[in-house]
Structures are given as C-alpha cells and as structure tokens.
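[1] Predicted model and sequence follow; I will ask about them next.
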Amino acid sequence: MKSLKSRTKRIVPPFSSQSRQPNTVVAGPPRTRSCQTPIGNTAFRRYYDRGDFMLSVDSGRVMWKTPFEKIDYHHYLPIFFDGLREIAYPYRAVAERGAIDMLKNGTPDRILPVVPQLIIPIKLALNTGHPDVVIATLKMIQTLVTSADMVGEALVPYYRQILPPLNVYKNLNKNTGDGIDYAQYQQEDIGDLVNNTLEILERHGGAHAFINIKYMIPTYESSMVN
C-alpha cells in the first residue's frame, strides 16, 4: 500500500524543472482581478426594494418625483453608480437610467464634487468581469466625463484604481478566443468600447491624461493630433 506522502501531489509552476518530476501538478494561470467582485446585492437594490428613491418606474420609464436641483447628489449619485453591478431587471436598468438622468440634469458644481465617491462603484463594476456590467460601466464613464467641465481632469488621479481591468478587456472583440463573446451582449465590441472610453478620458483629462493612461494601459496609443 502506497504511503499518503507518495500519493500527495505538489503544485509547481509551469515550464519549471519541477514540472517534469513525478507527483506534481502544474499550476494553472492566476485568476485575473477582473473576476473577483461579486455581482448584485448592492446598496442600490436595498434602496430600491425599500422604495427610498424619489422616482417610480412606469412601462420601463423612470419618472422622477423630485426636481433634480433638490436631489442630494453626494448621497444618491454613488448609489445609482453602485447599481451598475446588478444584472437582474429592473435594478440595473433603473440604476443606469437614473444615473444618466442625474448627470444630464446636474450642474458642474453638483457633479464635480461627487467624483471621488464614484470611484469605488466604478472599480467594483469593472472588476466583476460580467460583459453586460462592464459595457454599461464603460458607457457610464463616457457619460460622466462629458457631463461637466473638469470631470475628466478630476478622474486622472484615480486611473490607478479604475483602469487596470481595461488591460484585460482592451483586446477582446468579436474574434476573441477566450470563449467569451463580448460582442453578443447588446451587439457591442468591448475592445472598441474600451478604446473609445480611453480616447474620451484622454481628450477631457488635460495635459497629464495621456501619460497616466499609457502608464496603466501600455498598449494605448494617443488619439490626439500633435
């Protein structure tokens, strides 16, 4: 009878000398951080289920009960961004529509101070790795950057937190070989969407935007004409 020790297999790095030895198992590739954030169960869902929002949903339309100038952006806008991590209906649909409405109807002095509070919801959403969530979040970043002056520049210090997952998604397209066809979701090519988002960040991020994007996304090339 073989001893327990002889049956125990060691996990070793691939392409190493140990990988050719008996009783070894070659370690698989490490999981990317983009798949570590849980989906759903957000603060937005809890608020929505309790009826705490000043809105109603009628035939898929979001109807606001309070004028935008009376809404506390510091409190509510981060919660709507948090809802981007939902995939069940109607949660993300309402969160998406609500955030867009607030950005389009808010003034720069109300949106700009809230930017730091939006970083964690954006980071969590991008780190889910779920195609629908990533696509919705990239589009929301574009809407945020173009919603008010200086928002793009205000995001530059936070590139280290929100851009790393884009290295994973940047080269994914309709011909991706990783088994996940991101293009089938909402007929989007996620690689193109990532590049468009980076171009908007560069265009609105001021003088230091490109060098900071390049540091986090080495394959990015400037879209600005010198």
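    Ah, there it is.
[2] now the helix or strand hosting residue 138, how far from the chain's geometric center?
    Following DSSP states H and E, one finds residue 138 within helix 131-145. On the basis of C-alpha atoms, centre = their mean, to the nearest Å, helix 131-145 sits 7 Å off its chain's mean C-alpha point.
[3] Please tell me how far the most centrally placed residue in the chain sits from residue 58.
    Compute the mean C-alpha point of the chain, and by C-alpha atoms, centre = their mean the closest residue is residue 126, 2.3 Å away. Residue 126 sits at a distance of 31 Å from residue 58 (criterion: C-beta to C-beta, to the nearest Å). To be clear about C-beta, it is placed using only N, CA and C from the backbone, and glycine gets the same treatment.
[4] before we move on, the earlier item: my read: the residue nearest to the centre of the chain touches residue 135, true?
    No. Using C-beta atoms under 8 Å, residue 126 is not in contact with residue 135, being 10.6 Å away.
[5] Between these two, which contacts overlap?
    With contacts taken as C-beta atoms under 8 Å, 6 or more residues apart in numbering, residue 126 and residue 135 have no neighbour in common.
[6] Which residues does the helix or strand that comes right after the helix holding residue 138 contact?
    Using DSSP H and E, the helix or strand that follows helix 131-145 towards the C-terminus is helix 151-155. Outside helix 151-155, the residues that touch it by C-beta under 8 Å, 6+ apart are 108, 111-112, 115-116, 144-145, 162, 200-201, 203-206, 209.
[7] now do stretch 211-222
    Counting by C-beta under 8 Å, 6+ apart, 156, 159-160, 163-164, 166-167, 170-171, 195, 198, 201-202, 205, 210 sit against stretch 211-222.
[8] follow-up on the earlier one: now for the helix holding residue 138, which elements pack on it?
    For helix 131-145, the elements it packs on are helix 91-105, helix 115-126, helix 151-155, helix 190-204, judged by 3 or more C-beta pairs under 8 Å, 6 or more residues apart in numbering; DSSP states H and E.
[9] what's the following helix or strand after the third one?
    Yep, that's helix 151-155 we're talking about. helix 159-162.
[10] distance between the very next helix or strand once past that next one and the chain's centre?
    Using DSSP H and E, the helix or strand that follows helix 159-162 in sequence is helix 166-169. Mean-position distance between helix 166-169 and its chain equals 10 Å (C-alpha atoms, centre = their mean).
[11] Now render the helices and strands packed on helix 131-145 as a markdown table, adding mean pLDDT and distance to residue 66.
    What follows is the helices and strands packed on helix 131-145, written out as a markdown table (pLDDT from 0 to 100; distance: least, C-beta to C-beta, whole Å):
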| stretch | mean pLDDT | distance to residue 66 |
| --- | --- | --- |
| helix 91-105 | 95 | 11 |
| helix 115-126 | 97 | 20 |
| helix 151-155 | 97 | 23 |
| helix 190-204 | 95 | 29 |
